[in-house]
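this is a predicted model, with the sequence first.
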Amino acid sequence: IVDRLIPEASVVTEVAETEPVAAALNDTSIAVLPFADLSPDKDQQYFTDGLSEELLNLLVRVDGLRVASRTSSFAYRDSTLGVPDISKALNVGHVLEGSVRKDRDRIRITAQLIEAGTDSHLWSENFDRELVDIFAIQDEIANAIVRALAGELNVGGDKAVSVEAATDNLDAYEMYLAGRELYLSRIDLGESIRLLRAATELDPNFARAWEGLAAAEVIGDAWLAKDDIDHLALAEEAANRALVLNPDLSMPMAVLGLLAESIDKDIVASMELYEEAIKRDPKNTTAWLWKGILFDFAGFMDEAIEAFQQCLAIDPGYLNCKQIMAYLCVILLVELVGYAGFELLPPV
C-alpha cells in the first residue's frame, strides 16, 4: 500500500499556504494555534498538541462557527508573525492561542481568544487543575470559549459543548496522544504503533486508540515493510475492534476501504466503505483523498478531481492532496495538447 498521508511535519513551515483574504473583523471564524509547551522539561509537546487539537475538534461542533483545519493552523507553530498576519493568511477573524504547563499531577492551561482585526483580547483565562480528568478540563475550557464567542459573535447560542471521556485511564490517553503525534509526523511509525497498542492494552475499550492504531498499521505495511509483520491484518483487526466499541467512527471505515482496495482488489466495496466513512464524518480528508485516488485508479479522472477539491476545501494545507491534484492537472494538460505539443511548451 502506498502511504497516502504525507507526514504532517512536511507542511510545518514558517508561512503556510495563504488563503483568499475575506475575513471581516467580526467574521465568525477561528483558528486554534498549537499551544506552547511550558512544562519544566519541555517534553510535553505531544500533550499540548493533543489538547489544542481536541479544542479545535470541539469548536467545529459550534453552529455558525468556521474553524481552520489543524494542518493550516499548526503550520504556524513558533511563527514570528503576529496574530493579524496569521489570521489574514488563514482567512479567519479570531485566533485561539495558549500554553500548557504540565508538572507531575498538576496542569496549568492558559488560553486567550484574540480578535484578529484589532489584535485585542476578547477573553483570557487560566486553568489550574489537578490532572485527574483531562476531559473535564477540556470541557471547561471549550465551553468558556463558546460563551465568549456567543457574547461577541452570537454563534453557538446557549448550546453547551459536551466532552465525552474517551477513556478513564490517563496513562492510556497520554500514550494515545504521543502515538498519534508520531503517526502524523512519521518521525517513528514503529514507536507510534507501539504506543497506540500499549494504550489499547491499558484500556481495551478505548475506541479512539484502536482507531489510531488501525490508521498507523495500515500505512505501516509500506513504511515498515522490512519488519516481517503483517500490518494489514493488524490494521483490519484494530479497525473492526474500534467499530465494535464505537460503530459511528469514520476513520476505521476508511481503513477498511483501503484494505478492500489493496487486498481484495474490490473497487466497489472499497468505494462503498469510503462513502460510508465520509457520511459519518464529511470532514474526513483522508477518506476524501483515498476516494479520489481510487477514482483515478479506476479511470474516473473528473470524479477524482472533484474528491481532491473537496479534500482541499476542508483542509487547504493538505500537501499530499495538493501534490496529487497538481499531478492530475499535468496529466490532463498532456492529454489536452498531446505529447508532441507538451514537449514544445516553453519552460517555466
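In hand now; what should we look at?

make it CA atoms for all contacts and neighbour counts henceforth
OK.

now the spatially closest residue to residue 224 that is not a sequence neighbour: which helix or strand?
Nearest residue to residue 224, sequence neighbours excluded (CA to CA, 6 or more residues apart in numbering): residue 190, at 7.4 Å. Under the criterion of DSSP states H and E, residue 190 resides in helix 189-202.

same check on residue 270?
Using DSSP H and E, residue 270 falls in helix 267-280.

now tell me what touches that helix from outside.
Contacts with helix 267-280, where a contact means CA atoms under 8 Å, 6 or more residues apart in numbering, come from 248-254, 256-261, 284, 287-288, 290-291, 294.

the residue nearest to residue 224: neighbour count?
A total of 18 residues lie near residue 190 under the criterion other CA atoms under 10 Å.

mind listing which of the contacts of helix 267-280 are in helices?
Judged by DSSP state H, helices contain the following of the contacts of helix 267-280: 251-254, 256-261, 287-288, 290-291, 294.

show me how to select, in ChimeraX, the buried members of those.
Per 16 or more other CA atoms under 10 Å, the buried members of the ones in helices among the contacts of helix 267-280 correspond to this ChimeraX selection:
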select :251,252,253,254,256,257,258,259,260,261,287,288,290,291,294
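
lowest pLDDT pick from the ones in helices among the contacts of helix 267-280?
Within the ones in helices among the contacts of helix 267-280, residue 261 has the lowest pLDDT, namely 92.

for residue 144, see how far away it is.
44 Å (CA to CA, to the nearest Å).

what residues are up against residue 251?
211, 215, 277, 284, 287.

tell me which element the second one falls in.
Following DSSP H and E, one finds residue 215 within helix 207-223.

which SSE is immediately downstream of that helix?
By DSSP H and E, the next helix or strand past helix 207-223 is helix 231-245.

give me the next element, helix or strand, following the helix or strand in which residue 88 is found.
Here residue 88 sits within helix 83-90, counting by DSSP H and E. Moving toward the C-terminus from helix 83-90, the next helix or strand (DSSP H and E) is strand 94-103.

and that following strand, which strands flank it?
With DSSP bridges as the test, strand 94-103 is paired with strand 29-32 (parallel), strand 36-37 (parallel), strand 106-115 (antiparallel).

name the residues of the last one that are buried.
By that I understand strand 106-115. 107-115.

what's the average pLDDT for the helix holding residue 270?
Helix 267-280 shows an average pLDDT of 97 in the prediction.

low-confidence stretches in the protein?
1-26, 153-160, 334-348 (pLDDT under 70).

who touches the spatially most central residue of it in this structure?
Residue closest to the average C-alpha location in the chain (CA atoms, centre = their mean): residue 70, at 5.3 Å. Shown in contact with residue 70 (CA under 8 Å, 6+ apart): 32, 53, 56, 315.

got phi/psi on residue 124?
Backbone geometry at residue 124, expressed as degrees, to the nearest 10, gives phi -150, psi 140.

distance-wise, check it relative to residue 148.
Taking CA to CA, one finds residue 124 at 9 Å from residue 148.

quick one: the helix or strand encompassing residue 184 to chain centroid distance?
Residue 184 belongs to helix 170-185 when elements are defined using DSSP H and E. Offset of helix 170-185 from its chain centre (CA atoms, centre = their mean, to the nearest Å): 13 Å.

and that helix, what does it pack against?
helix 45-59, helix 189-202, helix 207-223 (3 or more CA pairs under 8 Å, 6 or more residues apart in numbering; DSSP states H and E).

buried sites along it?
For helix 170-185, by 16+ other CA under 10 Å, it's 170, 172-185.

now swap in stretch 123-140 and tell me
When burial is assessed from 16+ other CA under 10 Å, stretch 123-140 yields the following buried residues: 123-124, 131, 134-135, 137-139.

pull the residues that contact that stretch.
51, 54-55, 105-114, 145, 148, 161-166, 168, 170.

now neighbour count too, for the contacts of residue 70, in JSON lines please.
What follows is the contacts of residue 70, written out as JSON lines (neighbours: other CA atoms under 10 Å):
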{"residue": "32", "neighbour count": "25"}
{"residue": "53", "neighbour count": "19"}
{"residue": "56", "neighbour count": "23"}
{"residue": "315", "neighbour count": "19"}
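
same list (those) but as JSON lines, adding distance to residue 223.
Listed next are the contacts of residue 70 as JSON lines, based on distance: CA to CA, whole Å:
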{"residue": "32", "distance to residue 223": "30"}
{"residue": "53", "distance to residue 223": "25"}
{"residue": "56", "distance to residue 223": "29"}
{"residue": "315", "distance to residue 223": "24"}
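
so which of these is the closest to residue 229?
residue 53 (31.0 Å; CA to CA).

just the CA atoms of the helix holding residue 270, as CSV, please.
Extracted in CSV, the C-alpha atoms of helix 267-280 (Å, rounded to 0.1, in the frame of the first residue of the first chain):
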residue,chain,number,x,y,z
ILE,A,267,-13.1,-1.5,-6.0
VAL,A,268,-16.9,-1.4,-5.5
ALA,A,269,-16.6,-2.5,-1.8
SER,A,270,-13.8,0.0,-1.3
MET,A,271,-15.8,2.9,-2.7
GLU,A,272,-18.8,2.0,-0.6
LEU,A,273,-16.6,2.0,2.5
TYR,A,274,-15.1,5.4,1.6
GLU,A,275,-18.6,6.7,1.1
GLU,A,276,-19.7,5.4,4.5
ALA,A,277,-16.6,7.0,6.1
ILE,A,278,-17.4,10.4,4.6
LYS,A,279,-21.1,10.0,5.5
ARG,A,280,-20.0,9.6,9.1
